[in-house]
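Q: This is the structure alone, sequence omitted:
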């Protein structure tokens, strides 16, 4: 992932232009779409604290955001069958249904 990022963001400093947290920190004008974030509590790629900060920032910017922490799960837990994956899929279905029914 790091290699892909260094290939895409040239020069490297341009990574900051598209960082969602930094966009909110700069108070840029954005379209605030409904957001669902599902996070593994054991995620060592995107730490829960990073996501929780984004959730607060997005909400404070007037965005509709739902955050769910999945205990005992790492970064890509939904790639494997199991009860937490089933729960995540049901959450996604319900989230999408709400968006479709509210529009």
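A: In hand now; what should we look at? Worth saying up front: this structure is predicted, and the values here are computed from it rather than measured.
Q: drop to CA atoms for contacts and neighbour counts, all remaining ones
A: Will do.
Q: burial count for the closest residue to residue 9 other than its chain neighbours?
A: In space, and not counting its chain neighbours, residue 9 is closest to residue 15: 5.6 Å by CA to CA, 6 or more residues apart in numbering. Residues lying near residue 15 (other CA atoms under 10 Å) number 14.
Q: what does residue 54 give?
A: 20.
Q: for it, what are its contacts?
A: 20, 21 (CA atoms under 8 Å, 6 or more residues apart in numbering).
Q: Quick check, pLDDT for it.
A: Per-residue pLDDT puts residue 54 at 97.
Q: That one: what secondary structure?
A: Secondary structure, DSSP: H, G, I helix; E, B strand; the rest coil: residue 54 is helix.
Q: For it, give its distance to residue 35.
A: Separation of residue 54 from residue 35 (CA to CA, to the nearest Å): 11 Å.
Q: domains of this protein?
A: Annotated domains of the chain cover 1-30, 31-102 [automatic domain parsing].
Q: The residue nearest to residue 9 contacts residue 4, doesn't it?
A: No - if you go by CA atoms under 8 Å, residue 15 and residue 4 don't touch, sitting 11.9 Å apart.
Q: Now the residue nearest to residue 9. Its backbone dihedrals?
A: phi -60, psi -30 (degrees, to the nearest 10).
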